[in-house]
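**Student:** Quick one, structure for this:
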Amino acid sequence: MLHYRSLEEVTLPGSWLTVGVFDGVHRGHQQIIKKLAAGAHANGLPAVVLTFDPHPAKVFGRGDIKLLTLPGERARLLGEYGVDVVITQTFDRQLADTSAFDFMRRLKTQLGLERLILGYDSTLGKDREGNAARLTEIGSELGYAVETVSALGDESGVVSSTEIRKLVTVGKVEEAARLMGHPYSLQGLVSHGDQRGRGIGFPTANLEYAREKVMPAGGIYACRAYLGGERHMAAVNLGTNPTFTPDKQTLNVEAYLLDFDRDIYGEMMRLEFVARLRDEMRYASVETLIRQIRLDVEQTRAILGTA
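**Tutor:** Predicted coordinates for the structure are as follows:
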């Protein structure tokens, strides 16, 4: 999979394309992506996804939306589902003010667009004028076809990034994973912490996470930790360590990797949130905290040993 950071970097003789933010690359997105990849490859063409950063809602002043996936994470997931080329285009006012016709003409010229795959509610161009009917009309003039994919829903309604963000925020990571089709993750460099975990026999890796990401509710989680090509079980604390620092406000992400003993400071680590074990609590003594951590580790091992 090739990941470009601007349309200006890409010229293709032919392609099948879909356009959207695709935050989280959830099961609804995957339905579009699989149709795109299957059709493109059957016709000997690359499957291309054009996505945007920052989130358009931020540019339009509709709040500071926290993301399920940063551009690099999004591109990795799209590649896993069969996409050949991901283009992360900067979304700004100039792009927002581009008409649907001018935008599609640019895509036809630069990407050799042959077929555009749209989600059920996709719109492109200034004032969201480029709905399926309008884009089909433009396609008749420019020489590309349009296909629309129906919404994916279940008993809780249509699968959406908005709903998944809400689930992650309240710590319902298992339900979020069901809608996403993969676990929610955080990634970043491992940094030096307060060393309190090491002092009580549970050395933790402190993750420098991106503040643009959705943060799961504070608590203890069973996670898979990825370091390069390695995968490890991890009991992860998202919290403020109230037993030691009761007045602290900012959340730390601290991962205790099971059966692991290596210096990983400065390495990139990704945590996949598999299950929420409990709330973070303040304990009356360090000994009581240690007993609870042992129980958390046992529960993590039991969950991840079968997950």
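**Student:** Pretty sure Val158 sits against Leu179.
**Tutor:** No - the criterion here is CB atoms under 8 Å, and Val158 misses it with Leu179 at 10.1 Å. In this view, the C-beta of every residue, glycine as well, is placed from N, C-alpha and C.
**Student:** Name the residue in those two with the higher neighbour count.
**Tutor:** Counted by other CB atoms under 10 Å, Val158 and Leu179 do not tie: Leu179 has more neighbours, with 20 against 13.
**Student:** Tell me which residues of the helix or strand containing the more buried one come out buried.
**Tutor:** If you go by DSSP states H and E, Leu179 is part of helix 173-180. Buried residues in helix 173-180, counted by 16 or more other CB atoms under 10 Å: 173-174, 176-180.
**Student:** of those, closest to Glu287?
**Tutor:** For the buried residues of helix 173-180, the minimum distance to Glu287 (CB to CB) is 29.6 Å, reached by Val173.
**Student:** Just say helix, strand or coil for the residue most central in space within the chain.
**Tutor:** Central residue of the chain (CA atoms, centre = their mean): Thr69, 2.4 Å from the mean position. Secondary structure for Thr69, judged by DSSP: H, G, I helix; E, B strand; the rest coil, is coil.
**Student:** What of the one 4 residues further on?
**Tutor:** Classification of Glu73 into helix, strand or coil gives helix, according to three-state DSSP.
**Student:** mind checking how far it is from Met268?
**Tutor:** Going from Glu73 to Met268 by CB to CB, to the nearest Å gives 12 Å.
**Student:** which of these two has more neighbours?
**Tutor:** Taking neighbours as other CB under 10 Å, Glu73 and Met268 compare with Glu73 leading, 20 against 14.
**Student:** that older thread, show me what contacts the residue nearest to the centre of the chain?
**Tutor:** By CB atoms under 8 Å, 6 or more residues apart in numbering, Thr69 lies in contact with 22-25, 77.
**Student:** Including pLDDT, could the residues you listed go into JSON lines?
**Tutor:** Output for the contacts of Thr69, formatted as JSON lines (pLDDT from 0 to 100):
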{"residue": "Phe22", "pLDDT": "96"}
{"residue": "Asp23", "pLDDT": "97"}
{"residue": "Gly24", "pLDDT": "97"}
{"residue": "Val25", "pLDDT": "97"}
{"residue": "Leu77", "pLDDT": "97"}
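**Student:** is it true that Met233 lies in a strand?
**Tutor:** Yes - checked against three-state DSSP, Met233 lies within a strand.
**Student:** Quick one: residues contacting the closest residue to Val214 other than its chain neighbours.
**Tutor:** The spatially closest residue to Val214, leaving aside those adjacent along the chain, is Lys66, at 4.3 Å (CB to CB, 6 or more residues apart in numbering). Lys66 sits next to 165, 212-215 when contact means CB under 8 Å, 6+ apart.
**Student:** quick one: which of these is nearest to Leu7?
**Tutor:** Nearest member of those to Leu7, counting by CB to CB, is Glu212, at 22.4 Å.
**Student:** how near is the closest one to Leu95?
**Tutor:** Computed as CB to CB, the Glu212 to Leu95 distance reads 20 Å.
**Student:** Could you do Glu287 as well?
**Tutor:** Separation of Glu287 from Leu95 (CB to CB): 58 Å.
**Student:** what residues does the helix holding Leu179 touch?
**Tutor:** So helix 173-180 is in contact with 24-27, 68, 154, 159, 163-164, 167-168, 183-184, 216, 221, 273-276, going by CB under 8 Å, 6+ apart.
**Student:** Show the contacting residues for Arg301.
**Tutor:** 233, 258.
**Student:** any idea whether it is helix, strand or coil?
**Tutor:** helix.
**Student:** okay, Ile200: pLDDT?
**Tutor:** pLDDT recorded at Ile200 is 66.
**Student:** Ok, Asp194 next?
**Tutor:** Listed pLDDT for Asp194 reads 65.
**Student:** just Gly171 next, same as before
**Tutor:** Looking at Gly171, its pLDDT stands at 97.
**Student:** in what helix or strand does it lie?
**Tutor:** Using DSSP H and E, Gly171 maps to neither a helix nor a strand.
**Student:** Many thanks, have a good one.
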